[in-house]
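In: Model the structure of this input:
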Amino acid sequence: MNCPLLPIGLIMKKNTTKPAVVTTTAANDGVFGIHRVNEIRPSPDNRKRFNQVALNELAESIKSMGVAQPILIRPVAPTADAPERYEIVAGERRWRASIIAGIEVVPAMVREMSDRDAAMIRLLENLQREDPHPLEEAIGYEQLMLQFGLTADQVADEIKKSRSYVYGRLKLCALTNDVRELFLDNKISASTALLIARIPVPALQAKALDEVINPKNAYPAGEPLSYRRAVEHIQNRYMLDLTTAVFPVSDGKLLAAAGACTKCPKRTGNQPEIFSDIKSADVCTDPDCFGEKKAAHFAKVVVTANKKGVPVLEGAEAKKALPNTWQRDSELVRGDQTIWTFDRNAPSTKNNGSVIDFLDERSLPPVANYFKNEDGSVIAFYDRQAVQQALEKVGACETVEQHAERMSLIVNAPKSEAQIAKDIAETELKEARLKLLKEENAFRLSLYKKFRDRAANGLSLDSLREFVKLILLDNNDYSLPSDVLDVYGDANHSDDDVCAYIDKASLQEVQLILVDLVLGECLQVESWELEDGGIRSDDRFETLSRMARIEGIDPGTVREQLYPSPIVTSAMQYDDLVKFIRISPERINELAKAVIADASRFDLIDALERAAKAAGFVYAAGGFITASAGEQAPETVGVAPEPAPAEEVREQQKKIVKTVNATKGKTKAQTAVVAPVEAWPFPKSPEAAFDNHNLPAAIEAMPAAEVAEPLLPEEVA
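Out: Below you'll find the model as predicted:
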């Protein structure tokens, strides 16, 4: 527009009543003047969404500085619905901000222009903004085409953009309203929006968008798919390979409303500008139509089979009649049966490929019967002997006579002295290898039996060390869960460090490392292990749970201490109160308030006091306190259970282990505390000593009176 920046801030003050008008002499530049905002109307073709925050910021600037650059308007005929004399061509954002700022007049350049010129200037002005929204661009291109009969190629020429760019933007106009709103709110990127816009069915667009924004089993949880993963998902789910279609893609009568796939605009090859990233031209972007054509094809197959008297088996009848067709002795075979399951493959096939790679519709034998699946799909089965003969006829398999003749030529072919010598050498080498394998197998079996007899009364510590190092190093199937289990400290220890420790570790420590190696994989659950609202079954964790129960640890109690359940007193009895206090003593006051609040269960108050007393609590200072320590139990009433922070989880886990180990210490003989060896590469603090499983030995070394209560790590140290 070449409009200069004018110092008109003083003219634009809020209380200005008489706008001054200044005209220019250059006809092409139009007439510049000051115009009332209520004499100007926005164009119905301009963008509809404006950033309100940015508008308010611009309004504040206009209040203090005025409108720095005139807007461009054109004269229009007033109507009853739109009485204004001028229409905005460019600068609607400045006009709107002026209204917000309370400014009654704005500087404007008035220029006579046609609808086409106004639309083109408006579009170009939007494109030259710092951040034009891609959908606004698309709508602008669409308006040019609809109002003035331009083609997409002509629009590209007008705005000096590439054809693929314009076609890509125009495809965004195919977005449904719901997807448009999210796109305009920047909830999805332009590239993702284009992926969804290429899906021609509105309902599928909404479904695809939900799958991209709220993917199942997302990692991290709650995160939308990245563009790369969105491309993979949409291409796998909503773009189907027509070359694998079971129906004839050129058949326009199969589904009359859809026509032939070869001419369909939903085929990638028919819109190369939009699907420039898809290498194949034979991709269907409408899975619903694809599915309907499959169903129509299968229905047609069944009708034709019935007319010809070919059996169509389904359900239990089909399962009974059709054995495992992949076996060499099955009577029926499918078209995709691998060639090596037939007799006497010709050398040219190299035993690769399937039946349909060698036989077309003309050379395939008649269908013996069809199998109809529960989803309505139909599979053709052929008689094996008929297929064998057809393969022999096209040379994919040899006849009995051909095969015998070829074998005879191989066996009876004269051999040179060099060939004879080579055959002898190969025979001797084969015999030597067989002898070596036989002797080695016999040796290993004998060695293991002797070792097993010696180890029947228990492995020595040195042997166990070698075994644990093998588990650690062999094939990387097992590794220490040092990133999950905090007993190994924060350092990332190498396998060499761990092996150096194992060479000097005690028997108890080596056993625990072995358990860590085998069970460590079940300590961290990943998002892909979620299944139907729960966690997929894991054999290692089930083993861990059974071992914990054997050692006196109830997994349910551990979970309850980490994530307490809401207290429901309506069905509680005395035994329930005793069990609750034993499992969660820290929640005794929460339990007390729940009992008191239950007006229908006054009988529980006395039972609660007896249960608390039996557990070592007394009521004082408005709550239960431990009788021995004189400290009030923690108050947790009214607090919803939340996942405990990592440090709290760690402390709670220690409490569980302390209690179990302390109980064991009452009956075991006293032994010396096992101190970490110098080779141990992990922390040696008192807490680490506890974490490194030295607590049991420490407890065993103490008098029984000192282990009557669970011990703290500091006490162990």
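
In: Okay, strands next: where are they in the stretch 51-200 of the chain?
Out: In the stretch 51-200 of the chain, the strands defined using DSSP state E, counting those that start in this stretch lie at 71-75, 86-90, 105-110.

In: What distance do you get for residue 54 to residue 163?
Out: According to C-beta to C-beta, to the nearest Å, residue 54 stands 33 Å off from residue 163. (Glycine included, C-beta is placed from N, CA and C.)

In: if we look at stretch 259-267, which residues are touching it?
Out: If you take C-beta atoms under 8 Å, 6 or more residues apart in numbering as the criterion, stretch 259-267 is touched by 200, 242, 245, 249-252, 258, 270-271, 281-286, 289, 293.

In: So, low pLDDT: which residues of the stretch 501-650 of the chain?
Out: Scanning the stretch 501-650 of the chain for pLDDT under 70 picks out 621, 628-650.

In: for it, what spans make up the helices?
Out: 507-519, 539-550, 555-562, 574-583, 588-597, 603-614, 646-665 (DSSP state H, counting those that start in this stretch).

In: right, so those: which one is the most enclosed?
Out: Ranked by mean neighbour count, the helices of the stretch 501-650 of the chain are led by helix 588-597 with a mean of 19 (mean count of other C-beta atoms under 10 Å).

In: what distance separates stretch 289-305 from the middle of the whole chain?
Out: On the basis of C-alpha atoms, centre = their mean, to the nearest Å, stretch 289-305 sits 34 Å off its chain's mean C-alpha point.

In: In it, which residues are buried?
Out: Within stretch 289-305, the residues scored as buried using 16 or more other C-beta atoms under 10 Å are 289, 290, 293, 294, 296, 297, 298, 301, 302, 305.

In: Could you do stretch 200-211 as well?
Out: 200, 201, 204, 205, 208, 209, 211.

In: Quick check: mean pLDDT of that stretch?
Out: Throughout stretch 200-211, pLDDT has a mean value of 84.

In: can you list contacts of that stretch?
Out: Contacts for stretch 200-211 (C-beta under 8 Å, 6+ apart): 174-176, 178-179, 182, 188, 195-197, 199, 225, 233-234, 237-238, 265-266, 285-289.

In: For the strands of the stretch 51-200 of the chain, give me a markdown table that also has mean neighbour count and mean pLDDT.
Out: Below are the strands of the stretch 51-200 of the chain laid out as a markdown table (neighbours: other C-beta atoms under 10 Å; pLDDT from 0 to 100):
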| stretch | mean neighbour count | mean pLDDT |
| --- | --- | --- |
| strand 71-75 | 21 | 90 |
| strand 86-90 | 22 | 89 |
| strand 105-110 | 25 | 89 |
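
In: picking that back up, in helices, which of the contacts of stretch 259-267 appear?
Out: If you go by DSSP state H, the contacts of stretch 259-267 have 289, 293 in helices.

In: ok, back up a step: if we compare the strands of the stretch 51-200 of the chain, which one ends up closest to residue 44?
Out: strand 86-90 (8.9 Å; C-beta to C-beta).

In: Please compute how far that closest one lies from its chain's middle.
Out: Worked out by C-alpha atoms, centre = their mean, strand 86-90 lies 49 Å from the chain centre.

In: from here on, count from 543
Out: Got it, first residue is 543 now, which makes that one strand 628-632.

In: Each with direction, which strands does that strand pair with?
Out: According to DSSP bridges, strand 628-632 forms sheet pairs with strand 582-583 (parallel), strand 613-617 (antiparallel).

In: Quick check: which of those is nearest to residue 949?
Out: strand 613-617 (91.3 Å).

In: what's the angle from the closest one to strand 647-652?
Out: 60 degrees (axes from the mean of the first three to the mean of the last three C-alpha atoms, to 10 degrees).

In: What are the contacting residues of strand 613-617?
Out: 543, 545, 572, 577, 582, 627-634, 636-637, 648-655, 660, 663, 667.

In: What of stretch 682-692?
Out: 587, 657-658, 661-662, 664-665, 668-669, 693-694, 697, 700-701, 708, 711-712, 715.

In: which residues does residue 958 contact?
Out: Neighbours of residue 958 in contact, by C-beta under 8 Å, 6+ apart: none.

In: Please determine how far residue 777 is located from residue 942.
Out: Relative to residue 942, and taking C-beta to C-beta, residue 777 is found at 48 Å.

In: what about the two, which has more around it?
Out: Taking other C-beta atoms under 10 Å, residue 777 and residue 942 do not tie; residue 777 has more neighbours (15 against 10).

In: which element is the more buried one on?
Out: According to DSSP states H and E, residue 777 maps onto helix 769-780.

In: Buried residues of that helix, list them for me.
Out: 772, 773, 775, 776, 780.

In: Quick one: list the elements packing against that helix.
Out: helix 732-739, helix 744-755 (3 or more C-beta pairs under 8 Å, 6 or more residues apart in numbering; DSSP states H and E).

In: switch the cut-off to 6 Å
Out: Packed against helix 769-780 by the contact rule (3 or more C-beta pairs under 6 Å, 6 or more residues apart in numbering; DSSP states H and E) you find helix 732-739.

In: Any chance you could list what contacts the helix it packs on?
Out: 676, 713-714, 716-717, 721, 725, 747, 750-751, 769, 772, 776 (C-beta atoms under 6 Å, 6 or more residues apart in numbering).

In: now, the most widely separated pair of those residues?
Out: 716 and 769 (19.0 Å).

In: before we move on, the earlier item: which outside residues touch the helix holding residue 777?
Out: 733, 734, 737, 741, 750, 754, 829.

In: mind redoing it with 10 Å?
Out: 730-731, 733-734, 737-738, 740-743, 746-747, 749-751, 753-755, 757, 760, 766-768, 781, 819-820, 825-830, 832 (C-beta atoms under 10 Å, 6 or more residues apart in numbering).

In: Mind giving me the ChimeraX select for these, buried ones only?
Out: Those of those that count as buried under 16+ other C-beta under 10 Å are selected in ChimeraX with:
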select :730,734,737,738,740,741,742,743,746,747,750,751,753,754,755,757,766,767,781,820,825,826,827,828,832
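
In: residue ranges with poor pLDDT in the protein?
Out: 543-571, 589-591, 668-673, 759-764, 862-869, 1017-1019, 1031-1034, 1163, 1170-1259.

In: sorry, back to before: what angle do the helix holding residue 777 and helix 744-755 make?
Out: 140 degrees.

In: what's the offset of helix 769-780 from the middle of its chain?
Out: How far helix 769-780 lies from its chain's middle: 12 Å, per C-alpha atoms, centre = their mean.

In: and the angle for that helix with helix 732-739?
Out: Going by the same axes, to 10 degrees, helix 769-780 makes 0 degrees with helix 732-739.

In: May I have helix 769-780 exported as PDB, CA atoms only?
Out: C-alpha atoms of helix 769-780 as PDB (Å, rounded to 0.1, in the frame of the first residue of the first chain):
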ATOM      1  CA  TYR A 769       4.000 -35.600  14.300                       C
ATOM      2  CA  ARG A 770       6.100 -38.700  13.300                       C
ATOM      3  CA  ARG A 771       3.900 -41.000  15.400                       C
ATOM      4  CA  ALA A 772       0.700 -39.300  14.100                       C
ATOM      5  CA  VAL A 773       1.900 -39.900  10.600                       C
ATOM      6  CA  GLU A 774       2.500 -43.600  11.300                       C
ATOM      7  CA  HIS A 775      -0.900 -44.000  13.100                       C
ATOM      8  CA  ILE A 776      -3.000 -42.300  10.500                       C
ATOM      9  CA  GLN A 777      -1.300 -44.000   7.600                       C
ATOM     10  CA  ASN A 778      -1.700 -47.400   9.200                       C
ATOM     11  CA  ARG A 779      -5.300 -46.900  10.300                       C
ATOM     12  CA  TYR A 780      -6.700 -44.600   7.700                       C
END
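
In: Confirm that residue 1025 sits in a helix.
Out: No: using DSSP: H, G, I helix; E, B strand; the rest coil, the assignment for residue 1025 is coil, not a helix.

In: Adding distance to residue 962, write the strands of the stretch 593-742 of the chain out as a markdown table.
Out: Shown next, in a markdown table, are the strands of the stretch 593-742 of the chain (distance: least, C-beta to C-beta, whole Å):
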| stretch | distance to residue 962 |
| --- | --- |
| strand 613-617 | 99 |
| strand 628-632 | 95 |
| strand 647-652 | 103 |
